[in-house]
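[1] fold the stuff below for me.
(2 chains)
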Amino acid sequence: AQSVAQPEDQVNVAEGNPLTVKCTYSVSGNPYLFWYVQYPNRGLQFLLKYITGDNLVKGSYGFEAEFNKSQTSFHLKKPSALVSDSALYFCAVSLRGSSNTGKLIFGQGTTLQVKP
Amino acid sequence: DGGITQSPKYLFRKEGQNVTLSCEQNLNHDAMYWYRQDPGQGLRLIYYSQIVNDFQKGDIAEGYSVSREKKESFPLTVTSAQKNPTAFYLCASSIDMAGGFFFGPGTRLTVL
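    Next up is the predicted model:
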């Protein structure tokens, strides 16, 4: 079965420190990979995506993510966390080509808490 | 949230009632989706439509129905057959799978 795993329910980090939110996936073929952020009672906002090319992808608000094909991972990172980064983060994958069923498969989400 | 609107923002339903959640997009996207969000469970796909007048069941379609009569609109009806409908409902649209999804602001449904 196709799945996305975010192994940490919550990540705590001090403001100014680097942060990492982990994501691994188990899908057939080479998927498209995405990160979204959600603030309370709001919809999801797009952060970044990996389609092809450079394994390090840069996105909105200073976030970046590293695609690792051998480890089937797509970890979200930021060099210096801000209190305003505190939110719920979702990793998601979609399938390419003939495997494309029109679905976006989500991880269960990781709450990021950045403390002053 | 730009380009996709959902209404109402909050909805209260009595047991046994059907309710319809609205989703409208002006992004000219062919595909539209409904997801349900529960705490600790991520987002689960209810229904999706890749083109007008066509839609498919997602992973948790039981107790829900949809229609896609116009490209811009994809309403979701939560029927009385849905045993645990209290949740946050998110509508999304996409132009293609590489482009990713655009999400609406969500509707929080509470059953009284």
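
[2] so which bits of chain B are right by chain A?
    Contact residues (Cβ under 8 Å from any Cβ of the partner chain) of chain B with chain A: B:1, B:4, B:6, B:31, B:33, B:35, B:40-43, B:45, B:48, B:50, B:56, B:58, B:88, B:90, B:92, B:94, B:97-98, B:100-106, B:108. Any C-beta I mention is one placed from the backbone N, CA and C, and that applies to glycine too.

[3] check what pLDDT the nearest residue to residue B:68 once chain neighbours are set aside gets.
    Leaving aside its chain neighbours, residue B:68 sits nearest to residue B:49 (4.2 Å; criterion: Cβ to Cβ, 6 or more residues apart in numbering or on different chains). On the pLDDT scale, residue B:49 is placed at 93.

[4] dump the one helix or strand residue B:49 maps to to PDB, restricted to CA.
    Per DSSP states H and E: residue B:49 is located in strand B:43-51. Coordinates of each C-alpha in strand B:43-51 appear next as PDB, following Å, rounded to 0.1, in the frame of the first residue of the first chain:
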ATOM      1  CA  LEU B  43      -6.000  14.100   5.800                       C
ATOM      2  CA  ARG B  44      -8.200  11.400   4.300                       C
ATOM      3  CA  LEU B  45      -9.600  11.500   0.800                       C
ATOM      4  CA  ILE B  46     -13.400  11.400   0.600                       C
ATOM      5  CA  TYR B  47     -14.100  12.000  -3.100                       C
ATOM      6  CA  TYR B  48     -12.400  13.500  -6.100                       C
ATOM      7  CA  SER B  49     -13.300  14.600  -9.600                       C
ATOM      8  CA  GLN B  50     -10.800  15.000 -12.400                       C
ATOM      9  CA  ILE B  51     -13.300  16.400 -14.900                       C
END
